[in-house]
Structures are given as C-alpha cells and as structure tokens.
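Q: Could you work out the structure for the sequence below:
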Amino acid sequence: MVDIYAHWVPREKIIESNVWSAELSKLVANAFLAQRISSINSISALCEKTEADVGDVAYAIGTDSRIGPKFLKASVGFGGSCFQKDILNLVYICQSYGLTEVAEYWESVVKINQWQQKRFVQSMLAGMFSTVASKRIALLGFAFKADTGDTRESPAISIALGLLEEHAHIIVSDPKALENAKADLKEVADKVQFEPDPYKAAEGAHAIAILTEWKQYKDLDYARILKSMQEPAFIFDGRNILDHKKLFEMGFNVFAIGKSPLKHF
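A: Modelled structure (predicted):
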C-alpha cells in the first residue's frame, strides 16, 4: 500500500502506523482544531464582560510559537461535516472504553460551540432592547464557511431557529447556499424569506447579522444599507470581518464577538 501511494506522495511524507493510530490521528486532528475554536470562543465571552478585545488576545497568544495564530478567530462557531462528527465519534470511542472523563472533556468542545450560537442570539436580544419579536432581521450568510454552498452543521441554522423562537421576521441571504438553506429551514419555511441580494434583504430591517465570512460582505455599501433600514439600526458581526468603528460613526449600533459594543444609546 505504501508503494502505491508513493507514486503520488513523496515517500518521506507517508506515515506508517497501526490501524488504531491511523484512525485516532484523523479524529484527533479535527478535534484539536475544533478545540482551538471553542477555546477562543469561550474567551470571547469573557472579553465582552471585561471589555477586553478578543482580537487583541488572540493575536497576543498567537505570537507564542508554542501556540501559533491559526484557528484562533472568534466567531459564532464552527460547522461543516467533519468537526462535530469526528469529535462525537471520539467521544463514543472513549465512552466504550470506560473513559468517562475523557469523553466529557471532548464533548465539552461541542457544547461550547452550541452555547456560542445560543449566546449570539441572546446578545441580539439584549442589544435590541430585550426583544426581537416582529422585528425584521437580515441574516447575511448561511453557509458554514465562505466560498462554499455547504450548510451542514452551519451555525446559521441554530441562530435562525433561535430568532424564530423569539418571533423575529427572518430574511436569509447567501451567494451560494440559499437552496441548502431552504432545505435546512423547510419546517419553518413559511416564516422565512430568502433573498440572494443582500441590499434587498436589508431593506426595512431592524438588524443585520453577519454569519458567514464572505468577502463581498466586507465591501458592501453600508451607508446605502443604513438608509434603507429601520432606526435604530443594528449590526451583529458574528465573524468579526467588518470595520466596526467606521460602521458606528455611520450611525449603526455595532455588536461584535468578544468586543465591547458600540452603541448610540
């Protein structure tokens, strides 16, 4: 088998191990990456309470060569088909061998991820005077990451459902993922609008929530968007990709992950 793969991969890059080592290596790699995301997201909550800036904290610890800067970007959480699935597989294996404490440790990575999404909804509620009932909210981005239409385990799903539970009016916009979003929200489709144009999605909205780090969302004409929105206008940046100070100076009330809110009231 090694000789076969050597035709495509340099021999020195092929790692040989037994079956269990190979299986666990795959699961643990994704678990460690997800762990880093949940770790910085847990700190983002502390930053908001202490008025620290999670971006500054992430940059500072990332300069430590033992830690490094990758996968330290605070957000609404991870999604995709691999991270949660592989962690839960790891949890199952640990439980089957009676390693309860180890299973609980890795399960907590998933729990923090789910909690971060619920926390984002609660932050929206708190920021918008403790209610979003009957308020129009544009969700910009539904894919679990930019440059894909994949919505599997996307944080946007639970955030949309959480806002609907609070009786918000939801408009979902995404350059590639709208068909998948419709499938994900088919049970509540009568309560959701789908609009590919972010400018149209924002018309008449009380708030915008950035849920996917699409490059085009950085480059939108937010002055134009602000004029079309209800006042006071809110932006909740779930990916920390926007210029928050500039948006505040325009007139937005700005809430970002792991940062102090910028409010006009």
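
Q: Would you state the helices of the stretch 101-250 of the chain in chain order?
A: Assigned by DSSP state H, counting those that start in this stretch, the stretch 101-250 of the chain shows helices spanning 155-165, 178-184, 198-202, 215-218, 222-228, 244-250.

Q: Would you reformat the ones you listed as CSV and include mean neighbour count?
A: Quick note: C-beta positions are derived from backbone N, CA and C, even for glycine. Listed next are the helices of the stretch 101-250 of the chain as CSV, based on neighbours: other C-beta atoms under 10 Å:
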stretch, mean neighbour count
helix 155-165, 21
helix 178-184, 17
helix 198-202, 20
helix 215-218, 14
helix 222-228, 15
helix 244-250, 15
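
Q: show me what contacts the closest residue to I112 other than its chain neighbours?
A: The shortest distance from I112 to any residue other than its chain neighbours is 4.0 Å, reached at S38 (C-beta to C-beta, 6 or more residues apart in numbering). The contact partners of S38, taken as C-beta atoms under 8 Å, 6 or more residues apart in numbering, are G77, F78, S108, V109, V110, I112, N113, Q116.

Q: same question, K176
A: With contacts taken as C-beta under 8 Å, 6+ apart, K176 has the following neighbours: A143, D147, T148, G149.

Q: give the contact list for the second one.
A: Which is D147. With contact taken as C-beta under 8 Å, 6+ apart, D147 is in contact with K176, W214.

Q: For it, grab phi and psi.
A: phi 70, psi 30 (degrees, to the nearest 10).

Q: and it, how far is that from E51?
A: Separation of D147 from E51 (C-beta to C-beta, to the nearest Å) stands at 34 Å.

Q: Likewise for the last one?
A: For G149, the distance to E51 under the criterion C-beta to C-beta works out to 38 Å.

Q: just the third one next, same as before
A: Here the distance between T148 and E51 works out to 35 Å (C-beta to C-beta).

Q: Compare these two (neighbour count), which wins?
A: Between T148 and E51, T148 has the larger neighbour count (other C-beta atoms under 10 Å), namely 14 against 8.

Q: Kindly provide the distance from the more buried one to G80.
A: 9 Å.

Q: likewise V188?
A: With C-beta to C-beta as the criterion, V188 and G80 are 22 Å apart.

Q: Tell me which of the two has more neighbours.
A: Comparing V188 with G80 by neighbour count (other C-beta under 10 Å), the higher total belongs to G80, at 18 against 13.
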